[in-house]
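> generate coordinates for the sequence data below:
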Amino acid sequence: MLRSLRIENLVLIREAELGFGPGLNVITGETGAGKTILAQAIGLLLGAKGDAAYVGPGGSDSYVEAEFDLPAGLLEEEAFESLLELRPDDEEGVVLARRIGSEGRTRAYAWGRSAAREDVAALGERLLAMSGQFEQRRLSRPSYQLAVLDAFCGDEQLRRRAEARIAWRELAAARKRHEELTQGAAATEARLAELRALVEDTLELEPGYEDSLRDERERSALVAALLEGRALEDATVWEIADLLRLPRQGPFVVVAAESSQIGSEALPHVETGLRVRGIGSAWRLLPEMHVGVVRVPDERDRRQLADVLSGLAQRRAGVSPPFRHLTETATALRLARIAVAAARPGSRSVSFFDDHPLAVAAVSAPDAMRRVSRTVLGTVLDLPAGQSAVLLETLTAWLDNGGSAESAARHMYCHPNTVRQRLRKLESCTGRSLADPRAAAELSLALQAALLLPAQVPGRPPA
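Take a look at the predicted model:
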């Protein structure tokens, strides 16, 4: 049964939401009231071709969503295997949706997750039959006509059709894999050309090359002295600054970047990349990290530093708060390491210490914050993995969108009421109201700990 139909910015309808009850439901209206548009909306859910003309004046795209009761066992059929993988654990019905962009391109969704248009249309046709004034809508679809013809031909034809569908999907996967391998081969060839050019450039090393290597080793040792916080007098610090070709006064920052493997540079050629932008720096390679001292006198240099790091970082990178004197380098390194931990595990991102106070607070004392996360979110974390992950994802989206259920729903491709229901369930589980500023702050901090300390995230092994 069709439970509800929601329309946004479709032709002349800016926003409409219809709820349907059991039995006969009748929608009436004068000519031009919009009945045809409702039929077009349902047609989109049944696979009708989208068109840019459907997009109304109220925005850059149109959106149609319908919620259905789901007959038992329907998704177990072979034709709906791909949709079954998208179904959340706690959902009894099904929510199908289509979005049409201003250029006419469309996307289809099941339970707010991206899905193939053909799969969504096939499931919609099994749940809803639509008849026009002069013809049965389903019979006008070439795919349905083909299915009727194949069924008339007998079980052998249906078996061949199923095999052909599987073969087609395997072919599409093989083509995609071939494209990936081809692109990989092109990247490999480009890398080989780069290495050949490097070999040609180094065939005849210039005099003094060994001296430059010796200077690099000395600079690395001086950077190590700063990073390790050895007792240094002002005169010694000035000498180190001169040898490192750094100004004696800041502001400076320390950068720490995770290496992909022990002893490898996390930020290849970073010193050269910064030097061409007029930014002085000195670097040292640690077993698990690539660290450096960088002078950033103003906001422009800070933005340039962020651009360079974003382009070179292979894993997480962190940047300390600014400091004035090089004797503060060791403390800044500790804060830069905390900024690294404040980024999502496994991400390729640059995190500035001062830009993420909640995340920094969550990782500064891991043992204590694990306890806080367990105290605040324990009942949520103890739910089945799928339910717990959905609630945490919804809370994250709600916080990232300024506490707006509507904005969070657009971000998650679901209905705002779905967001509100999930948030109410989270409030019920935790005994904390998001309308209470103190409770909202506690939930925000506990959420950061749950996301950044992997042992607390449902379905993940301990870090």
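> low-scoring stretches of the stretch 101-250 of the chain, by residue?
When residues are selected by pLDDT under 70, those of the stretch 101-250 of the chain lie in 132-141, 201-219, 222, 229-239, 242-243.
> can you pull out the helices in it?
Shown for the stretch 101-250 of the chain, the helices assigned by DSSP state H, counting those that start in this stretch span residues 117-127, 142-153, 155-201, 209-227, 234-243.
> can I get those in TSV with mean neighbour count and distance to Val294?
Yep, even glycine has a C-beta here, placed from its N, CA and C like the rest. Written out in TSV, the entries for the helices of the stretch 101-250 of the chain read as follows (neighbours: other Cβ atoms under 10 Å; distance: least, Cβ to Cβ, whole Å):
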stretch	mean neighbour count	distance to Val294
helix 117-127	19	49
helix 142-153	12	60
helix 155-201	10	26
helix 209-227	14	11
helix 234-243	15	13
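> out of those helices, nearest to Ser260?
helix 155-201 (15.7 Å; Cβ to Cβ).
> centre of the chain to that closest one, how far?
Taking Cα atoms, centre = their mean, to the nearest Å, one finds the center of helix 155-201 at 25 Å from the center of the full chain.
> list the contacts of the residue nearest to Arg295 when sequence neighbours are not counted.
The spatially closest residue to Arg295, leaving aside those adjacent along the chain, is Gly280, at 4.9 Å (Cβ to Cβ, 6 or more residues apart in numbering). Residues in contact with Gly280, defined by Cβ atoms under 8 Å, 6 or more residues apart in numbering, are Arg245, Leu246, Pro247, Leu274, Val294, Arg295.
> would you write a ChimeraX line that selects the buried entries of those?
Per 16 or more other Cβ atoms under 10 Å, the buried members of the contacts of Gly280 correspond to this ChimeraX selection:
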select :246,274,294,295
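> closest to Val55 out of the helices of the stretch 101-250 of the chain?
Put simply, out of these the one that sits nearest Val55 is helix 117-127, at 17.2 Å, with distance taken as Cβ to Cβ.
> not counting its own residues, what contacts that closest one?
So helix 117-127 is contacted by 2, 45-47, 66, 68, 70-71, 74, 79-80, 82-83, 94, 96-98, 106-110, 138, 141, 143-144 (Cβ under 8 Å, 6+ apart).
> if we go to 6 Å?
Leu45, Leu46, Gly47, Phe68, Phe80, Ser82, Leu83, Leu96, Ala108, Ala110 (Cβ atoms under 6 Å, 6 or more residues apart in numbering).
> same deal with stretch 264-274?
Ala257, Glu258, Ser259, Ser281, Trp283, His290, Val308, Leu312, Gln314.
> kindly recompute the last result at 8 Å.
Under the criterion Cβ under 8 Å, 6+ apart, residues 255, 257-260, 280-283, 285, 289-290, 292, 294, 304-305, 308-309, 311-315, 317 lie in contact with stretch 264-274.
> narrow those to those that are buried.
In terms of neighbour count (16+ other Cβ under 10 Å), the buried residues within the contacts of stretch 264-274 are 255, 257-259, 280-283, 285, 289-290, 292, 294, 304-305, 308-309, 312-315, 317.
> coming back round to it: save the helices of the stretch 101-250 of the chain as TSV, and put in distance to Thr36 too.
Written out in TSV, the entries for the helices of the stretch 101-250 of the chain read as follows (distance: least, Cβ to Cβ, whole Å):
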stretch	distance to Thr36
helix 117-127	19
helix 142-153	22
helix 155-201	34
helix 209-227	71
helix 234-243	76
